[in-house]
Every structure is written in structure tokens, then in C-alpha cells.
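Undergrad: Here is a sequence together with a model predicted from it:
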Amino acid sequence: MSTQLIFFLVLAIIAIAGAVLVLKLNKISHRIVSMFFTFFATAGIYFLLGAEFIGIIQIIVYAGAVTILFVFGMMMTEHRNITFGYHPRKIHRVLSFIGVGTLLGLMLYGISTLDNLPLKEQYVGTAEDIGISLYGHYFIAVIGMGFLLTAALIGAIVIARKEAK
Amino acid sequence: MVHITFFLALAAILFCIGLYGVLTRRHLVIVLVCVELMLMAVSINLIAFSAIGPSAGIEGQVFTLFIISVAAAEVAVGLAILIALYRNRESIDVIKHDLLRW
């Protein structure tokens, strides 16, 4: 068992445990903290795959900004009680579980039969390669992403603003 | 070197946990958190195929940057909509917001 496999198993267990605790914990703030652990473990998996730049971006954006945004969203809404009482459609949860379980089984079966990939040396892309590709071949996509982020910023301000009487 | 099937299996498990949460949870913030989990699972797939495999290259990392940008924009607009909904309807229970049901 190589060192990389041990690191991968530890990070994967942290990520999956965090994702399960997001669904199972009792308080919204605790759920957001466990989501933070899932994001951090995923950043570790990116480091393991040799994508350092994406790992740093993941820590900055997801573990930093998105978590803080969720904490503010939790603060500004009702977060004392998260049990809403009677659910009118009990069968809904069972059907969701069966459907998602079937999907997971099919995906894991497909992945497990995928054994003929040629195992080359692991490719390591540096931040310089990402920059050259981003501002060369994907330049128009970067411009579009800038427009999207500007529109999202303005839209979020306009939607969340209090309406003038 | 870890075989690529481990990474794909991890991404599939995270995606299905997120999907189950979106379908069954009733708190709107948790639904948004689960959408983020699903997007992150797709990112793990892209990074794994960018590092290991027959056509390894930088494209997976570039597309993961785009996914992260879209996720940040989506969570900003989603939380703004959530705050507006809570202000108007005084509830963040998902099944109370059913104006568009037919």
C-alpha cells in the first residue's frame, strides 16, 4: 500500500463523512462546518492529483468565500428549527432513496468495469500551463466568464435589495 | 500512483449524496449546499481525467476553473433569491414554495 493510497483513503473518508454529516446533523451551522471539511478534503485530493493551482483556488473560493456566504445566508433566515413537522408525501423519500441508490449502483458498476485505461505517468500541469491555455485557446470563454460574474454580482444585489415602498 | 477508478468512485459517491440531499432535504440552505457538493464531484472527475488517463492534459484543470466560477456565481444569486423568498413568504421550507406547481 503506497503512501499516496493511504493519503487518498484518509481524504476520501473525510470527504464522504462530511457529506453524510451535511445531511444528518441537527443544526444548520454544524452542517455548514461539515461542508467546509468536505471542501477542504477535496482540495487535498486535488493536491494529490498534482493540480496545486486548482487546489489553492478551491480552498480560497469554496472553503473561504462560499462557506462564509452560506453562514451569512443562514444568519439572515430562520435557522432555529430545521424540523418542519409533517411531510405530506412520505413515499417521496423512499422513492428518492431507491432512485439515487440505483444510479449509484449503475455508476459504480460502470466504473469498476473500466479497467483497460493505459496507465501512463501522471500528468502535472503547472499554473503557467493553465494561464497559457486560459488566455490563449479559451480567451473568449474567459471574457464570457467575466460577463457572467458581473451579471451575477449585479443580479444578487438587485434581488436581495429591500423593495422601496 | 492511485488508480483512477478510486477517484471516479469517490466522485460518484459524493454526487449521489448531493443528489439525495437535493431531493429530500427541506431547508433551502441545505439544498444549495447539496448543489455545491454535486458540482464539486464533477470537478473531481475532471481533475482526475486531467492527471491520469489516455488523454491527460491541462484542459481538465481549465474547465474546473470555469466550474468553480459558475458555482460561485450560482451560490451568490441563489442566496440572494433565498433571502428575497424568506422576506416575502416568511418560510424557508421547500415544500411551502409551490406557487409554480400545476
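TA: Received the coordinates, thanks. Numbering: from 1, shown residues only, chains lettered A, B, ... in the order given.
Undergrad: Give me the pLDDT for the residue nearest in space to the middle of chain A.
TA: With distances taken as Cα atoms, centre = their mean, the residue of chain A nearest its centroid is A:Phe39 (6.1 Å). Here the pLDDT value assigned to A:Phe39 is 93.
Undergrad: The helix or strand it falls within: how far from the chain's middle?
TA: Following DSSP states H and E, one finds A:Phe39 within helix A:28-48. Offset of helix A:28-48 from its chain centre (Cα atoms, centre = their mean, to the nearest Å): 8 Å.
Undergrad: what does stretch A:49-66 give?
TA: 11 Å.
Undergrad: that older thread, elements contacting the helix holding A:Phe39?
TA: Where contact means 3 or more Cβ pairs under 8 Å, 6 or more residues apart in numbering or on different chains; DSSP states H and E, helix A:28-48 is packed against helix A:3-24, helix A:52-58, helix A:67-75, helix B:4-24, helix B:28-51. Heads up, the C-betas are built off the backbone N, CA and C, glycines and all.
Undergrad: Tell me, please, where in the chain the pLDDT is lower than the cut-off.
TA: Since you didn't name a chain, this refers to chain A. Applying pLDDT under 70 to chain A flags the ranges A:1, A:79, A:81-88, A:115-121, A:164-165.
Undergrad: ah, I was thinking of chain B
TA: Scanning chain B for pLDDT under 70 picks out B:1.
Undergrad: and the residue nearest to the centre of chain A, what does it touch?
TA: A:58-59, A:62-63, A:66-67, B:40 (Cβ atoms under 8 Å, 6 or more residues apart in numbering or on different chains).
Undergrad: how about a cut-off of 10 Å?
TA: Taking Cβ atoms under 10 Å, 6 or more residues apart in numbering or on different chains, we find A:Phe39 in contact with A:15, A:18, A:58-59, A:61-64, A:66-67, B:36-37, B:40.
Undergrad: Buried subset of the residues you listed, written for PyMOL?
TA: To isolate the buried members of those in PyMOL, using 16 or more other Cβ atoms under 10 Å in any protein chain shown:
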select buried, (chain A and resi 15+18+58+59+61+62+63+66+67) or (chain B and resi 36+37+40)
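Undergrad: could I get the contacts of A:Phe39 as a markdown table with distance to A:Ser29?
TA: Shown next, in a markdown table, are the contacts of A:Phe39 (distance: Cβ to Cβ, whole Å):
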| residue | distance to A:Ser29 |
| --- | --- |
| A:Ala15 | 20 |
| A:Gly18 | 14 |
| A:Gln58 | 22 |
| A:Ile59 | 20 |
| A:Val61 | 21 |
| A:Tyr62 | 17 |
| A:Ala63 | 16 |
| A:Gly64 | 17 |
| A:Val66 | 15 |
| A:Thr67 | 11 |
| B:Glu36 | 16 |
| B:Leu37 | 17 |
| B:Met40 | 20 |
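Undergrad: Can you tell me which of the contacts of A:Phe39 is closest to A:Ile45?
TA: Ranked by distance to A:Ile45 (Cβ to Cβ), the contacts of A:Phe39 are led by A:Ala15 at 7.2 Å.
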